[in-house]
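1. give me coordinates for this.
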Amino acid sequence: MVDYHRRFEVPIRLVEGPELRELEPALNARATCAVELPGVSRTLDPYAPSRRLFERFLRLPQVFYNFGHGHIGLTLGAITGQLLAEQASGLAPSVSLEPFLARRFAG
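-> Here you go, the predicted model:
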């Protein structure tokens, strides 16, 4: 059972975009093309799991990557939250995260 009321010693902070790229050069290895939509917004293909990333940052273990859900983020919110809680609590994830690790983009 996951303890969702756990208090972390370090406050949790969300980062995105350029700030993430500075932290992890492997994320820049192969950028994916966004899908053009009417208007100015861009999005990832929501049904392409190959574009999702979900893992702990190696150099800062209190930081987790979790993005690439596209327009189905709300649908995936429950399982994503559960997986993040499991990882942050030091538990093994209830499903394999292997297909969503950053190293799949390396060489």
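2. give the burial count for Gln87, as a bare number.
-> 19 (other Cβ atoms under 10 Å). Heads up, the C-betas are built off the backbone N, CA and C, glycines and all.
3. to clarify, my last question referred to Leu76.
-> Residues near Leu76, counting by other Cβ under 10 Å: 16.
4. the residue lying closest to it once chain neighbours are set aside: neighbour count?
-> Residue nearest to Leu76 in three dimensions, not counting chain neighbours: His69, with 5.2 Å by Cβ to Cβ, 6 or more residues apart in numbering. Residues near His69, counting by other Cβ under 10 Å, number 20.
5. His69 and Gly81 touch, don't they?
-> No - using Cβ atoms under 8 Å, His69 makes no contact with Gly81, being 11.8 Å away.
6. show me where pLDDT drops low in this protein?
-> 1-52, 70-71, 107 (pLDDT under 70).
7. please redo it, this time with the cut-off set to 80
-> Applying pLDDT under 80 to the chain flags residues 1-55, 58, 65, 67-74, 102-107.
8. longest helix of this structure?
-> helix 73-88 (DSSP state H).
9. so which elements touch that one?
-> Contacts defined by 3 or more Cβ pairs under 8 Å, 6 or more residues apart in numbering; DSSP states H and E place helix 73-88 against strand 53-56, strand 64-67.
10. tell me which of those strands sits nearest to Glu98.
-> strand 53-56 (9.7 Å; Cβ to Cβ).
11. in that closest one, what's buried?
-> 53-55 (16 or more other Cβ atoms under 10 Å).
12. how far away is Leu74 from Gly81?
-> Between Leu74 and Gly81 the computed distance is 11 Å (Cβ to Cβ, to the nearest Å).
13. these two: who's more crowded?
-> Gly81 (13 against 8).
14. residues in contact with the nearest residue to Ala88 once chain neighbours are set aside?
-> With Cβ to Cβ, 6+ apart as the measure, Phe64 is the residue that lies nearest to Ala88, at 6.8 Å, once sequence neighbours are left out. By Cβ atoms under 8 Å, 6 or more residues apart in numbering, Phe64 lies in contact with 54-57, 84, 87-88.
15. if anything else comes up later, I'll come back, but that's it for now.
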